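> Next one to model:
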Amino acid sequence: MPTAEHEAVTLLFRNRPQLAADLLGAVFDMPMPEFSEAQTESGDLTEVVPSEFRADAVVVLRADRPVLAVVVEVQRGRDPRKRWSWPLYLTSLRARMECPAVLLVVCVDSAAASWCARSIPIGHPGWVLRPLVIGPESIPVVTDDKEAAKAPELAVLSAMVHGSERFDVLDALCDGVLCDIDDERARLYSDVVLAVLRTEHARSYLEARMIAEKYEYQSSFAKKFIAEGEARGEARGLERGLERGLERGLERGLERGLARGEVSAILTVLDARGIAITDEARARIENCSDLVQLEKWIRLAVIAQSVDELFD
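Okay, the predicted model is just below:
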């Protein structure tokens, strides 16, 4: 079953088919034919009944006719069946579009990328398929907000892969993409990045940036995480309430859980931006339970030049 990470990467190509051309040019220095538009086509590459073969995405570059077809596959691990189906994808698409076809494999895992890059001998003399594989190391690191604005989906992919270690990539996502595109895509893209970031610090940092800019979590990705967070908060509150025998325990548990999350976000943002935090300032932040005050500090943490500016 496809994972959220797999679906998120595939979605980027469906939303902006030109991403395939961008990556082929940027990573492989592959000259692109002149084209006026890039569009997605059906990924159903069935040729023989009852077998069904479906690519994750198919992108076709067109002038007055198709000039290049790209099979896009997103791989998270080894799948020996792909070594049999990928050649079929290419030959079927080439025959359907009557133009050259290439296979582009995007991997968010280095080991998977190494496996996918292995040559596939077809059997006919001289006919060997060498997949064009993009692993995490070769996905461009987008840190400039102007570059991010020019290629939003590439910036999202960069944030998904590099955002856990590079907060400047998350800054470019916020300043060059999320503030510039329509609300629906902004909600979706921020949520898919949050869904795949590998560290709590990175998630806290992006959430703090979004709170500061008043982004809202509304997509199905976010609803899932919000529901899980509420469930954990309710469980903590219920436990305390039962121990104390007071209904107030549930409310206090929820409030404290939220406050701890806000405190973590503030300290993460300040640390990521290289802002020195004195022991006195840290104690003041950690001991605060006023959610309104904490949210104000989160917004200030994104722009403050010193920790003292939070308290002015």
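
> Now do the helices in this protein.
Assigned helices in the chain, in chain order: 4-15, 18-28, 82-97, 110-116, 145-150, 152-162, 167-173, 183-196, 200-213, 220-244, 248-272, 279-286, 291-303 (criterion: DSSP state H).

> what about this structure, any weak spots by pLDDT?
For the chain, the stretches with pLDDT under 70 are 1-4, 43-53, 212-258.

> closest one to residue 57 among the helices of the chain?
Set against residue 57 and scored by Cβ to Cβ, the helices of the chain come closest in helix 4-15, at 4.2 Å. All C-beta spots, glycine's among them, are computed from the backbone N, C-alpha and C.

> Tell me which residues touch the closest residue to residue 89 other than its chain neighbours, please.
Spatial nearest neighbour of residue 89, chain neighbours left out: residue 71 (4.6 Å); criterion: Cβ to Cβ, 6 or more residues apart in numbering. By Cβ atoms under 8 Å, 6 or more residues apart in numbering, residue 71 lies in contact with 45, 55, 57, 58, 86, 89, 90, 93, 101, 102, 103, 104.

> Report the beta-bridge partners for residue 71.
Residue 71 has these beta-bridge partners by DSSP bridges: residue 58, residue 103.

> any idea how far residue 85 is from it?
Going from residue 71 to residue 85 by Cβ to Cβ, to the nearest Å gives 10 Å.

> Now render the helices of the chain as TSV, adding mean neighbour count and distance to residue 132.
Shown next, in TSV, are the helices of the chain (neighbours: other Cβ atoms under 10 Å; distance: least, Cβ to Cβ, whole Å):
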stretch	mean neighbour count	distance to residue 132
helix 4-15	19	14
helix 18-28	19	6
helix 82-97	18	11
helix 110-116	17	10
helix 145-150	16	22
helix 152-162	26	16
helix 167-173	23	23
helix 183-196	21	23
helix 200-213	21	29
helix 220-244	14	29
helix 248-272	19	34
helix 279-286	14	48
helix 291-303	17	38
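
> With distance to residue 76 as extra columns, can I get those in CSV?
Shown next, in CSV, are these (distance: least, Cβ to Cβ, whole Å):
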stretch, distance to residue 76
helix 4-15, 6
helix 18-28, 17
helix 82-97, 12
helix 110-116, 6
helix 145-150, 25
helix 152-162, 12
helix 167-173, 21
helix 183-196, 11
helix 200-213, 19
helix 220-244, 17
helix 248-272, 27
helix 279-286, 38
helix 291-303, 33
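
> Nearest to residue 311, out of these?
Shortest distance between residue 311 and those, using Cβ to Cβ, is found for helix 279-286: 7.3 Å.

> got the angle between that closest one and helix 291-303?
130 degrees (axes from the mean of the first three to the mean of the last three Cα atoms, to 10 degrees).

> CA atoms only for helix 279-286, dumped as PDB, please.
Extracted C-alpha coordinates of helix 279-286, given in PDB (Å, rounded to 0.1, in the frame of the first residue of the first chain):
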ATOM      1  CA  ASP A 279      19.300  30.600  31.700                       C
ATOM      2  CA  GLU A 280      17.000  33.300  32.900                       C
ATOM      3  CA  ALA A 281      15.100  33.600  29.600                       C
ATOM      4  CA  ARG A 282      14.900  29.800  29.200                       C
ATOM      5  CA  ALA A 283      13.400  29.500  32.700                       C
ATOM      6  CA  ARG A 284      10.900  32.300  32.000                       C
ATOM      7  CA  ILE A 285       9.800  30.600  28.800                       C
ATOM      8  CA  GLU A 286       9.600  27.100  30.200                       C
END
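
> Let me see the contact set for residue 209.
By Cβ under 8 Å, 6+ apart, the contact list for residue 209 reads 170, 171, 174, 269, 302.

> If we use 6 Å, what do you get?
Residues in contact with residue 209 (Cβ atoms under 6 Å, 6 or more residues apart in numbering) are 174, 302.

> right, so of the helices of the chain, which gets closest to residue 138?
Minimum separation from residue 138 across the helices of the chain (Cβ to Cβ) falls at helix 18-28, 5.0 Å.

> Could you check the angle the closest one makes with helix 152-162?
60 degrees.

> Point out the other helices and strands that helix 18-28 packs with.
Using 3 or more Cβ pairs under 6 Å, 6 or more residues apart in numbering; DSSP states H and E as the contact test, the elements touching helix 18-28 are strand 132-134, helix 152-162.
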